[in-house]
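Novice: predicted model, plus sequence, below.
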Amino acid sequence: MYRQSIYEQFSEEAAILKHYGLDTLEPEYWVGENDVRKSVRYSSTEGLNNQTNNSVSGGVLDDRWSLDDTDPLGLKKSVLWQDLSSSKRSTQDVLDEMQEKSQLLVSAKSFNPKYFLRKVHKDTSYNDLLSGAELLRYTLDQKSEALRNLVQDNFDRFVSAKNTIDTVYGEMKTQCLNADNDYGVRGLDNTLSEAINRAEQVFGPVLVNRNKAEKIRSTLSVLEKYKFFFNLPSSLMESIKQQKYDVIIRDYKKGKVVLESTMSSDASENNGSSNPSIERQVDDTALSAQYRKVFDKVWAEVEKIMEEMREQLFKQLTEPWRSMEEQERTINVLLELDTPEDPIWHYLDSQYKFIIDLLKESYQEQLNKIKAFTKSLPPFSNDTKEIALRLKNAIKAINIRDYDSLIAGKDMDVQIWKATLDVVKTLSDLLLRCLPDFWKLSKSFMEGKFQKSPAILSANRRRRQAMDLRKVEQCQNMAKGVIDLYASLLSEFFILPPISSNQVRDQETLSFIPSQSDSVTTCYFLTKILNGISECVNDINSINMASDVSNALQILMEQTRWKFVEIICDAWNSDAKIFYALEDWSLDQDNREITNFLRNFHIFHKYNSRSAYKIASLGYVSDEDDNKSSRISDAFLQKIKSAFLDSLYAYLDGLVHLVFSDYTPLESCDKEPTEMFQRSRIDPKQIDSRILLTISNLSNLKQFMIPRIVSQFEAAYKCSLVDDTKTLNDVINQLDKILFDDYLKRQTQKIRNIVVNGILSGDVDWYNISKPTEVHSFVFEALLSLVIVHAQVSDVAKPLINRTLTALLESMAQDCLEAFQKVEKFGMGGMLQATLEIEFMHQTLSQYVSKKAQETLQLIYTTIEQLYDTTQASNDLESELSSVKQLLVDSRKSTSLQFLCFKKPK
């Protein structure tokens, strides 16, 4: 039944519509003759374009779609799957869909059989398709039969119409309606031509003026409507002068939108639209072609201004003196302008080149200053006194913590150290000023922090802004290049091993160490220099760069620390060897038994050891704390320990040199030691005074100073110096013995001469001498020599009195023993005289009698007894001995004041 209804729907009206190429029996516009000659099927493109506005505005499609959407195979009710009259879709959506569905309409020119079968009958079975094909053949046969029937049924009408047309045409020819008479309208044509000429004469000027007025009115309308666009160049220039970049970007984008809106007319012409309603809409938003050149010229000026601004902004990115905030704003502005070149990469590349060049130029400038300064200085003198004098002043400065006076000196070595410190400060300041900002922007660039939201970014900008692994690597390489250059320059300056394999070193590299700089000044400036490098390295590490990027800084620190420790140790040992020159023999104010030489050496030794510890353990932060919790490597420990011990041994060697060399004041105008010498009756020009003070210094060194500095060293470096301390003490003991024996040698020789001459000279006949009446003078002379020694030792080194007199007494007793042993025989008087003198000597020096002296004295008594000739023995020996004892008492009383110094204090 359904198929039968399809057969019946084709009526006479359908035949007429197809014959005349119409879509409806009530057409709304005229179809040209050429269109009628075309296929009877309606053109889908023209139909769609002409009917779009009606379909969308009316909300329903024309009735022709309801006739054409049937399935020619008769298998489905409609080939269309969606209502085209939906009012919720845009016109363009409807046009696109109708264009696509027109390929499914069998009556459309764009009908595509393959697409029709694939779209409509993709799920239809093969048998149904065969049935549909049969139906389609039957339908076509029916339509052809209907046309033949139409002609047969109306044949008389066609013949009658043809005759009528021929009759009318013949009458027109007979009535002068031919070509020669313009088909009867020549008179009318002449009349109209005359009317046109008169009208042009009368209304021509009016129409011309009207056209001009219309053009002016149109132009004014355009100017008023696009006032913003025409004022855009001047407004952009003003905003650029005021640096209102937000306003510039906003106006530029707005101008671009306005320009694009004026180009829509060209777009509509290119689309070939013939719908009057669509053309009217385009005219409302688009400009005519007559204003195109004006708009293009204005926009060309805008682009020129914007291009100049871009160039200026890119130039600003290469200006290193601008702040990071300002450069970031500039980069954001350029990103908003969609520049072909990446502004971030442009800035990073220019900044990298600037930093590299600046580091090289600054280094070369500082190096040239040092070279010029070195050349302008007089040649250094090899005089030890000059170095010792600078060392003395340096020790004095650090003792009172007057570091300003230390660095304010005009000495050549200080000036060179200051220049060296300036090299490090300059390079470090440049690195800290440039690299953190450079890395901050690089990191932001690598992390994509300059991207806009995806809805705003164009595809090109998103692709350009996305993290590029190659550029990430390049950013890291640039940062690494800056750090490597900084490390390489310092490495070259400090003559360190090359940081990188491509580092080329100047063959004329200058030694940065002044040739006559003392160790104290060297320690001070090396600590300051390394502190500056360390602060720079810590600040660079705090910006969290990759470990391989900052690896050169770690290498630089390790090599610099080792180099500086080597320099300190060398200077330490060198100064220790000449430290004896600082001895001015002035007494210590707190301990008058030693000289200031010990205190100065302790200050010198402690400061150098402490400085070496700071550098080896990176304990730079405070001068008050040695950071005892830190540990240093074994290599540093062995190096510093060796210098520590070598300097002590060199110092001890210097003490011996002081004793056996003539004293020469370090400063010719040094009056303070001379006054002190006068007050203390110490004459450093005498070897005995120098020896006694040196022995006293050695004693203090062994008892107090060595244990103190060794304990400090062990606590700081966390090591043991037990064996080394034992060796030091052995050396001190040896030196002490050498010096003390040398002193005793001269004193005992004097006493020996007195004693030997007094006992063995021919003046005394020990066998025939009478009974004693007094102590012989040689005994008094020998004891007075000891009094002089006592006075000398008391003035110079009072603690050495007991040791000195004890040793002298032992020597004098031995001399007496040897002399008495050479006497052949003692008579009664000689025996009593010898006993009196030895006993007098014994009692006078009783507090200095040692065990050895006691034994020697006992041997003397035994020797006298053995050499006594008993044949001269008196019967009243006891009485004689009593008289000798009384004489001894009287002699002691009479000489008590002379030998008061020998009296044991109560």
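Specialist: Structure received.
Novice: can you list the weak-confidence ranges in the stretch 551-700 of the chain?
Specialist: Low-confidence segments of the stretch 551-700 of the chain (pLDDT under 70): 618-630, 668-681.
Novice: and the helices in it?
Specialist: In the stretch 551-700 of the chain, the helices defined using DSSP state H, counting those that start in this stretch lie at 551-578, 596-617, 634-659, 672-680, 687-700.
Novice: format these as TSV; extra columns: mean neighbour count.
Specialist: Yep, even glycine has a C-beta here, placed from its N, CA and C like the rest. What follows is the helices of the stretch 551-700 of the chain, written out as TSV (neighbours: other CB atoms under 10 Å):
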stretch	mean neighbour count
helix 551-578	20
helix 596-617	22
helix 634-659	18
helix 672-680	14
helix 687-700	23
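Novice: of all these, which one is nearest Y352?
Specialist: Among the helices of the stretch 551-700 of the chain, helix 551-578 comes nearest to Y352, with 16.0 Å by CB to CB.
Novice: of all the helices of the stretch 551-700 of the chain, which one is nearest L881?
Specialist: helix 687-700 (40.7 Å).
Novice: what is the orientation angle of that closest one with helix 596-617?
Specialist: When axes from the mean of the first three to the mean of the last three CA atoms, to 10 degrees is applied, the directions of helix 687-700 and helix 596-617 differ by 40 degrees.
Novice: helices or strands next to helix 687-700 in the packing?
Specialist: helix 596-617, helix 634-659, helix 722-760, helix 777-796 (3 or more CB pairs under 8 Å, 6 or more residues apart in numbering; DSSP states H and E).
Novice: and the angle from the longest one to helix 777-796?
Specialist: Meaning helix 722-760. Using the same axes, to 10 degrees: helix 722-760 against helix 777-796 is 150 degrees.
Novice: just want the angle from helix 722-760 to helix 634-659.
Specialist: Using the same axes, to 10 degrees: helix 722-760 against helix 634-659 is 10 degrees.
Novice: any buried residues in helix 722-760, and which?
Specialist: 724-725, 728, 731-732, 735-736, 739-740, 743-744, 747-748, 750-752, 754-756, 758-759 (16 or more other CB atoms under 10 Å).
Novice: in the helix or strand hosting I838, which residues are buried?
Specialist: Assigned by DSSP states H and E, I838 belongs to helix 828-844. Under the neighbour-count criterion of 16+ other CB under 10 Å, helix 828-844 has 828-842, 844 buried.
Novice: what helices or strands is that helix leaning on?
Specialist: helix 777-796, helix 801-820, helix 851-867, helix 877-894.
Novice: can you add distance to Y767 and mean neighbour count and give the ones you listed back as JSON lines?
Specialist: Converted to JSON lines, those look like this (distance: least, CB to CB, whole Å; neighbours: other CB atoms under 10 Å):
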{"stretch": "helix 777-796", "distance to Y767": "18", "mean neighbour count": "19"}
{"stretch": "helix 801-820", "distance to Y767": "13", "mean neighbour count": "21"}
{"stretch": "helix 851-867", "distance to Y767": "9", "mean neighbour count": "16"}
{"stretch": "helix 877-894", "distance to Y767": "16", "mean neighbour count": "14"}
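Novice: tabulate these (a markdown table), appending mean pLDDT.
Specialist: Listed next are those as a markdown table, based on pLDDT from 0 to 100:
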| stretch | mean pLDDT |
| --- | --- |
| helix 777-796 | 91 |
| helix 801-820 | 93 |
| helix 851-867 | 92 |
| helix 877-894 | 86 |
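Novice: got those as JSON lines, with distance to L259 columns?
Specialist: Output for the helices and strands packed on helix 828-844, formatted as JSON lines (distance: least, CB to CB, whole Å):
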{"stretch": "helix 777-796", "distance to L259": "107"}
{"stretch": "helix 801-820", "distance to L259": "111"}
{"stretch": "helix 851-867", "distance to L259": "122"}
{"stretch": "helix 877-894", "distance to L259": "133"}
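Novice: would you turn the helices of the stretch 551-700 of the chain into JSON lines with distance to I788?
Specialist: Formatted as JSON lines, those follow (distance: least, CB to CB, whole Å):
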{"stretch": "helix 551-578", "distance to I788": "35"}
{"stretch": "helix 596-617", "distance to I788": "26"}
{"stretch": "helix 634-659", "distance to I788": "20"}
{"stretch": "helix 672-680", "distance to I788": "16"}
{"stretch": "helix 687-700", "distance to I788": "11"}
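Novice: how much space separates G654 from C523?
Specialist: For G654, the distance to C523 equals 20 Å [CB to CB, to the nearest Å].
Novice: quick one: S511 is in a strand?
Specialist: No: under the criterion used here (DSSP: H, G, I helix; E, B strand; the rest coil), S511 is coil, not part of a strand.
Novice: which residues does Y663 contact?
Specialist: Shown in contact with Y663 (CB atoms under 8 Å, 6 or more residues apart in numbering): 585, 684-685, 690.
Novice: OK, contacts around E341?
Specialist: F314.
Novice: just to be sure, I495 is in a strand?
Specialist: No: with three-state DSSP as the criterion, I495 is assigned coil and is not in a strand.
Novice: quick check: phi and psi at it.
Specialist: Dihedral angles phi and psi of I495 (degrees, to the nearest 10) take the values phi 60, psi 50.
Novice: would you check that it makes contact with S511?
Specialist: Yes: I495 is within contact range of S511, at 7.0 Å (criterion: CB atoms under 8 Å).
Novice: neighbour count winner among the two?
Specialist: Under the neighbour definition other CB atoms under 10 Å, I495 and S511 were set side by side, and I495 has more, 13 against 10.
Novice: looking at the helices of the stretch 551-700 of the chain, which is nearest to Q589?
Specialist: Taking the helices of the stretch 551-700 of the chain one by one with CB to CB, helix 596-617 is closest: 8.1 Å.
Novice: which strands or helices does the closest one pack on?
Specialist: Counting by 3+ CB pairs under 8 Å, 6+ apart, helix 596-617 packs on helix 384-399, helix 519-541, helix 551-578, helix 634-659, helix 687-700, helix 706-717.
Novice: may I see the ones you listed organised as JSON lines, with distance to L598 added?
Specialist: Formatted as JSON lines, those follow (distance: least, CB to CB, whole Å):
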{"stretch": "helix 384-399", "distance to L598": "12"}
{"stretch": "helix 519-541", "distance to L598": "17"}
{"stretch": "helix 551-578", "distance to L598": "14"}
{"stretch": "helix 634-659", "distance to L598": "10"}
{"stretch": "helix 687-700", "distance to L598": "6"}
{"stretch": "helix 706-717", "distance to L598": "11"}
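Novice: can you tell which of those helices is closest to L786?
Specialist: It is, among the helices and strands packed on helix 596-617 and with distance given as CB to CB, helix 687-700, at 14.1 Å.
Novice: got any ranges where the stretch 51-200 of the chain has weak pLDDT?
Specialist: In the stretch 51-200 of the chain, residues with pLDDT under 70: 51-68, 81-95, 175-176, 178.
Novice: now with 80, please.
Specialist: For the stretch 51-200 of the chain, the stretches flagged by pLDDT under 80 are 51-69, 77-102, 104, 106-109, 151, 169-187.
Novice: for it, just list every one of the helices.
Specialist: Using DSSP H, counting those that start in this stretch, helices in the stretch 51-200 of the chain cover 63-68, 91-101, 113-120, 126-153, 155-174, 186-225.
Novice: and the next helix or strand past the longest one?
Specialist: Pointing back at helix 186-225 there. Per DSSP H and E, the helix or strand that comes after helix 186-225 is helix 227-230.
Novice: buried sites along that next one?
Specialist: For helix 227-230, by 16+ other CB under 10 Å, it's F229.
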